[in-house]
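Participant: What follows is a predicted structure for the sequence shown.
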Amino acid sequence: MPYPYARSDAHLFVLRCRRLLRRRLSVTVALERLDEGRFVGLCELRITGPRDRRAELGYWVSPSDWGLGFAREAAARLIQEGFSTIGLHRIEAGVIAGNLRSERVLTGLGFRREGVLREWMRDGAGWDDVRHFGLLAGEPVARRGRAARAR
């Protein structure tokens, strides 16, 4: 999530999510704690190659809720939806190099590390490498997580 993130940014993000959902190009779910009813993050599956039946998985979880299984549970559900309902062949994800928590989420779900996109993302004055992961239809997907509810 960009920082600072104004209310107007959130409004534009919701409009974008609705537009892409109507066009059947993305599914975005909000994550909340069952015990508190509090928003903790989001997870998105965005179609990037309709002809090739390919999508990109992304997620964001509030730092105070890291390590509780929110990203893993939401991602597992969207992966299942992508392969079984949408008919995807491949789901991809990128992780900023050094974000080991996010890498563990992906590898725990069955993703394989496929390479590094050097200086792919601008971060302030510098550039970040992004590690690229992929999961193919038919490969095993682990289903773990208990703390989140997608809505």
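Facilitator: Here it is on my side, so go on.

Participant: Lowest average confidence across helices and strands of this structure, where is it?
Facilitator: Across the helices and strands of the chain, mean confidence by mean pLDDT, DSSP states H and E is lowest for strand 148-150: a mean of 43.

Participant: quick one: the residue of the chain most remote from its centre from residue 76, how far?
Facilitator: Centroid-distance maximum for the chain: residue 125 at 25.3 Å, with CA atoms, centre = their mean. Distance, residue 125 to residue 76, using CB to CB, to the nearest Å: 37 Å. Bear in mind the C-beta positions are built from the backbone N, C-alpha and C, glycine included.

Participant: what does residue 134 give?
Facilitator: Taking CB to CB, one finds residue 134 at 16 Å from residue 76.

Participant: Of these two, which one has the most company?
Facilitator: Taking neighbours as other CB atoms under 10 Å, residue 134 and residue 76 compare with residue 76 leading, 21 against 16.

Participant: From the contact counts, what lies against the helix or strand residue 75 falls within?
Facilitator: Using DSSP states H and E, residue 75 sits in helix 70-80. Applying 3 or more CB pairs under 8 Å, 6 or more residues apart in numbering; DSSP states H and E, we find helix 70-80 packed against strand 26-33, strand 39-49, strand 54-61, helix 100-108, strand 148-150.

Participant: chain center to the fourth one, what's the gap?
Facilitator: Which is helix 100-108. 11 Å (CA atoms, centre = their mean, to the nearest Å).

Participant: Could you do stretch 127-135 as well?
Facilitator: 13 Å.

Participant: again with stretch 83-101
Facilitator: Worked out by CA atoms, centre = their mean, stretch 83-101 lies 7 Å from the chain centre.

Participant: So for it, what gets flagged as buried?
Facilitator: In terms of neighbour count (16 or more other CB atoms under 10 Å), stretch 83-101 has its buried residues at 83, 88, 90-95, 97.

Participant: which ones are touching the most centrally placed residue in the chain?
Facilitator: For the chain, the residue sitting closest to the mean C-alpha position, by CA atoms, centre = their mean, is residue 58 at 1.9 Å. Residue 58 is in contact with 43-44, 46, 93, counting by CB atoms under 8 Å, 6 or more residues apart in numbering.
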